[in-house]
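**Student:** dropping the sequence and predicted coords here.
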Amino acid sequence: MKSIVTITLNLTVCSSILLSIHSNNGFRAGRICDAASNFVPADTIPPPLTSKQPGDWTPYRSRLEFETAEFLYKKVQMSAGDVDKLMHLWGLGLARHGDAPPFADHRDLYSTIDETPIGDVAWQSFSMKYGADADSPSDLTPWMDATYTTWFRDPRAIIRNMLGNPDFKNEMDYAPYREWKGQGESATRQWRNVMSGDWAWDQADEIAKDPAMHGSTFIPVILGSDKTTVSVATGQNDYYPLYASIGNVHNNVRRAHRNAVAIIGFLAIPKMTKKHSDDPRFRKFKKQLFHSSLSRILSSLKPAMSVPEVVQFGDGHFRRVVYGLGPYIADYPEQLVLGCVVQNWCAKCFTYPDKLDSGEGGLRSREVVDTLCDEVDSGVLWEEWGVISDVVPFTNDFPRADIHQLLTPDILHQVIKGAFKDHLVAWVEKYLEKEHGKTRAKAILDDIDHRIAAAPPFAGLRQFLQGRGFSQWTGDDSKALMKVYLPAIEGHVPQDIIQCFRAFLEFCYIMRQDIIAEDTLLQLSDCLGRFHRYRQIFQDTGIRFDGFSLPRQHALCHYSMLIRLFGAPNGICSSITESKHIKAVKEPWRHSSKFNALGQMLLTNQRLDKLAASRSDFTACRMLDDSYVSDHLAYLGTAQCDVKLARTHREFPLPRVSQITQCSVFKERYRARNIRTLADELRVPDLSRLVRLFLFDQLLADDIHTSDNVPLSACPRFEGRIKIFNSAAASFYAPSDPSGVGGMRHEHIRAAPSWRRGPARNDTVLINTASEDGINGMEVSRVLCFFSFQHSRETFPCALVHWFKLIANEPNPDTGMWMVKPSFHADSSRELSIIHVDTIIRACHLLPIFDCDFAPDNLMLHNVLDIWPSFYVNRFVDHHAFEIAY
């Protein structure tokens, strides 16, 4: 065996980050080569990705044609009839100028897209049927005679397109690596993308045993499958899509759905009558059809799993690549099918179904299962090991592939929908009913719904205006409920239940971080231990009298191991494939004729891929520069935050002076244009004084003199014009949340006299004050108004804020959240200040502290910040808030 050594590189893009890049015999993996597979020096200039000349819009005649096609077909998904109508009207307007619209009609639009010379991977099909030779004719049923057709696209061609996509060139790993934060003995290991995990490193070790593989780039092929229903009302229309991605692209690219996840197949779904649904032959056939189909679809990748092939990447360089089956994204029922595991057993280990609450058992592996199948009777395998021995996993047909190891954490179904919504939330309802009786329990549940509905609005937060009592739950619904549920049940349930929820939520938020370090894994283990300890109350009170032998909760025991193997789990979660269902399955189905819809859906996906390939190609030729984010955003990975006043119009209708209600009538008039009228509008008589104090701090303050210790007469005066803004845009680095280029997240902070034609909205924010009495140097305030003005030829963007103060010097011991209340002077006037917007870190979310009190009937989301006396700073509103404030 060849020796394996590592090359260590010190990177300066982040502070104290050390990488060990996988290499063999001194040859670093991921080396560049020429088209003939000969390695070339690392400083070799790459050949051009395309021979296309700037200005060549083939198959389109112009940029207008391409962007019109993309807008109509991809963005608004306009029907054929509407395209015809639009082109007709467009043509009428251009006829007087002797010109014509971009397309004659929908046929012209579709045929132009179809002529795209890149990104085209044709659909193919194969059919299978049950081998009934061993069955007597009297035993044959209709499903045995049926033919099952699977549609697929060559995964090798799809993956080569991904590797060659220039959009990914700066967000791709060409070799496995190990990452440490810090230096020397204090350095700690951390994980983020798939290639940072131990699995990719170990795979590279195996590949390196063959000298012919040295210097090659390992390409993990990530797969995912899950049945989805597109319509129930018009009949049970189910589809079984199969998706593929590559582990080389970074997790944030895969989560952002930037063409890094592609649909490669629609698997056959055998159906039969209820009369024969329990036929063991049918159940076995369904499983084997699934595995045989996957093996057939992926067969084109197999040759390059043992012998490297040359591929041109998005950076223009050629590299030798070696494919390997990578992590498989699936929910629990799908994992059982993939692993050939019996229902209610763990898909990852051999723990008995009735002992799942006892922790992790011995891990399943291809080697162990194959040995068991050779030595143990199939009936014993089923009963004692949870192994279905008469079905062969598809991974057995490929080198270095072990399906038991490749099954990934399923955050969406195991954690969010499973343990949280289906288990904990349901157990709380059962507890209330058992403890208080049905009538009293319903009243308490109504109050919990009221508390949830009264949560103040926040960017990206789903509002439960009628509480959480609805039947059709989505993953986004469960995620939104997690953000506001804990304070809503406080006072109605025992302390142990609050602690149970807190531990579980902390586990969820830690586990979904973009980067997970060694100390993070220790925190994760602590949260899981506390969750297991405090959930005991549900057994002690008889809600779970039979214990917690639940596969979805048991799966949490494996998360630390899986993070070490595959990196941060938010990049290989079933949320990614669930979201892909919308673009690849549900939207194409809705825009089909519904008759033989699959063929139309295949064509739609093919055209969408061609449009995406054209956009990448035109962008690489710098033909679409002005529609992309400028290059200066590349450094934002180390940025903290930036707040700018939004460019909103100064004119805005104000509510009547009478009490605001949701049906208020508004008087149309301009917002204030100077400090005096703004003071009247906001009912802040000393606003002019606050402006003068603000100017002193901005222009004259030093280490000794601040606005706190100088007379007002020493402060500059201002009597000029002002501009008022209804919102400010905050930008900050939040890669653990849905974010854009470079992990940057953007949100609007509102300070509007009327929000969506209703009552006023004045958001709360975290302000950087560097105060030792604050929350990690930050303090909470509520923005009453954004405005700007000029003084001494300098523009000051600022905000009038009402300060909140901490109730205690540490977070609440039960909920783990900081507690604040509005701050008032001795004369009961509000403690107000004017601050520069640059001191605003971002928006924060406050939730009322109810304790045992029922929410009053007049408490609503638009007035809760005005009338409630105390609040939690919601650490669970998003991952960035969870990370920075605690």
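**Tutor:** Received the coordinates, thanks. Here the structure is a predicted model, which is why all the values come from computation and not from measurement.

**Student:** strands of the stretch 401-550 of the chain, start to end?
**Tutor:** For the stretch 401-550 of the chain, applying DSSP state E, counting those that start in this stretch gives strands covering 465-468, 516-517.

**Student:** which of those strands has the lowest mean pLDDT?
**Tutor:** Lowest mean pLDDT within the strands of the stretch 401-550 of the chain: strand 465-468, at a mean of 68.

**Student:** mind checking pLDDT for V83?
**Tutor:** pLDDT for V83: 96.

**Student:** actually R281, sorry about that
**Tutor:** pLDDT for R281: 88.

**Student:** following the chain past the helix or strand hosting it, name the next helix or strand.
**Tutor:** Here R281, judged by DSSP states H and E, is contained in helix 280-297. Later in the chain than helix 280-297, the nearest helix or strand by DSSP H and E is strand 309-312.

**Student:** that next one: which residues count as buried?
**Tutor:** For strand 309-312, a neighbour-count test (16 or more other CB atoms under 10 Å) marks 310-312 as buried. The C-beta positions use only the backbone N, C-alpha and C, and glycine is treated the same way.

**Student:** rebuild those as TSV, extending it with distance to W57.
**Tutor:** Shown next, in TSV, are the buried residues of strand 309-312 (distance: CB to CB, whole Å):
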residue	distance to W57
V310	30
V311	26
Q312	22
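
**Student:** which member of those is positioned nearest K644?
**Tutor:** For these, the residue nearest K644 by CB to CB is Q312; the value is 40.5 Å.

**Student:** so which elements touch the helix holding R281?
**Tutor:** strand 123-129, helix 142-145, strand 147-153, strand 262-266 (3 or more CB pairs under 8 Å, 6 or more residues apart in numbering; DSSP states H and E).

**Student:** strand 147-153 and that helix, what's the angle between them?
**Tutor:** Helix 280-297 runs at 30 degrees relative to strand 147-153, counting by axes from the mean of the first three to the mean of the last three CA atoms, to 10 degrees.

**Student:** could you find the closest non-adjacent residue to L86?
**Tutor:** Distances taken as CB to CB, 6 or more residues apart in numbering put M78 closest to L86, at 7.1 Å, once the chain neighbours are dropped.

**Student:** count the residues that sit near that neighbour.
**Tutor:** 17 (other CB atoms under 10 Å).

**Student:** then R683?
**Tutor:** Residues lying near R683 (other CB under 10 Å) number 9.

**Student:** ditto for H450
**Tutor:** H450 has 19 neighbours, counted by other CB under 10 Å.

**Student:** what sits against the spatially closest residue to it that is not a sequence neighbour?
**Tutor:** Distance criterion CB to CB, 6+ apart; nearest residue to H450, sequence neighbours excluded, is A855 at 4.5 Å. If you count contacts by CB atoms under 8 Å, 6 or more residues apart in numbering, A855 has them with 447, 450-451, 454, 848.

**Student:** do the same with L298
**Tutor:** Contacts for L298 (CB under 8 Å, 6+ apart) come out as 155, 221, 325, 394, 398.

**Student:** that older thread, including pLDDT and distance to E115, could the contacts of A855 go into CSV?
**Tutor:** Below are the contacts of A855 laid out as CSV (pLDDT from 0 to 100; distance: CB to CB, whole Å):
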residue, pLDDT, distance to E115
D447, 95, 62
H450, 94, 58
R451, 94, 58
A454, 93, 56
P848, 97, 60
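
**Student:** re earlier: closest to P176 out of the helices and strands packed on helix 280-297?
**Tutor:** Distance to P176, taken as CB to CB, is lowest for strand 262-266 among the helices and strands packed on helix 280-297, at 22.9 Å.

**Student:** now the helices and strands packed on helix 280-297 in a markdown table, with distance to L336?
**Tutor:** Below are the helices and strands packed on helix 280-297 laid out as a markdown table (distance: least, CB to CB, whole Å):
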| stretch | distance to L336 |
| --- | --- |
| strand 123-129 | 21 |
| helix 142-145 | 21 |
| strand 147-153 | 21 |
| strand 262-266 | 20 |
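
**Student:** where among these is the average confidence lowest?
**Tutor:** Mean pLDDT is lowest for helix 142-145 out of these, coming in at a mean of 83.

**Student:** output it as CSV, restricted to C-alpha atoms.
**Tutor:** Extracted in CSV, the C-alpha atoms of helix 142-145 (Å, rounded to 0.1, in the frame of the first residue of the first chain):
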residue,chain,number,x,y,z
PRO,A,142,-52.6,-8.5,-12.3
TRP,A,143,-49.5,-6.8,-10.8
MET,A,144,-47.4,-9.8,-11.9
ASP,A,145,-48.4,-9.2,-15.5
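
**Student:** so which bits of that helix are buried?
**Tutor:** Using 16+ other CB under 10 Å as the test for burial, helix 142-145 gives 143-144.

**Student:** packing partners for it?
**Tutor:** Applying 3+ CB pairs under 8 Å, 6+ apart, we find helix 142-145 packed against helix 280-297.

**Student:** could you tell me the angle between the helix it packs on and strand 262-266?
**Tutor:** Using the same axes, to 10 degrees: helix 280-297 against strand 262-266 is 140 degrees.

**Student:** so S736 sits against I884, correct?
**Tutor:** No - with contact defined as CB atoms under 8 Å, S736 and I884 do not form a contacting pair (10.9 Å).

**Student:** between the two, which one's more packed in?
**Tutor:** S736 (25 against 19).

**Student:** burial of the closest residue in space to that one that isn't next to it in sequence, as a residue count?
**Tutor:** Counting by CB to CB, 6+ apart, the nearest residue to S736 once its immediate chain neighbours are dropped is H879, at 3.7 Å. Neighbour count for H879, taken as other CB under 10 Å: 23.

**Student:** pLDDT weak spots in the chain?
**Tutor:** Applying pLDDT under 70 to the chain flags the ranges 1-16, 23-27, 132-139, 232-236, 360, 467-473, 626-642, 646-670, 740-741.

**Student:** where is the longest strand in it?
**Tutor:** Ranked by residue count, the top strand of the chain under DSSP state E comes out as strand 777-791.

**Student:** returning to what we had before: any chance of a markdown table for the contacts of A855, columns distance to K644?
**Tutor:** Formatted as a markdown table, those follow (distance: CB to CB, whole Å):
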| residue | distance to K644 |
| --- | --- |
| D447 | 41 |
| H450 | 37 |
| R451 | 34 |
| A454 | 31 |
| P848 | 31 |
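
**Student:** just those now: which is nearest M511?
**Tutor:** R451 (26.7 Å).

**Student:** surely that closest one touches Y485?
**Tutor:** No - with contacts counted by CB under 8 Å, R451 stays clear of Y485, the gap being 9.4 Å.

**Student:** tell me how many other residues crowd the closest residue to R544 other than its chain neighbours.
**Tutor:** Once flanking residues are discounted, R544 sits nearest to F538: 4.6 Å by CB to CB, 6+ apart. Number of residues near F538 (other CB under 10 Å) recorded here: 22.

**Student:** give the contact list for F538.
**Tutor:** With contact taken as CB under 8 Å, 6+ apart, F538 is in contact with 427, 431, 497, 500, 544.

**Student:** what about the residues you listed, which are in helices?
**Tutor:** Secondary structure defined by DSSP state H assigns 427, 431, 497, 500 of the contacts of F538 to helices.

**Student:** any idea which helix or strand carries the residue nearest to L86?
**Tutor:** Under DSSP H and E, no helix or strand contains M78.

**Student:** touching, it and T68? I think so.
**Tutor:** No - counting by CB under 8 Å, M78 stays clear of T68, with 10.5 Å between them.

**Student:** quick one, helices of the stretch 601-750 of the chain?
**Tutor:** Secondary structure of the stretch 601-750 of the chain by DSSP state H, counting those that start in this stretch: the helices cover 675-682, 687-699.
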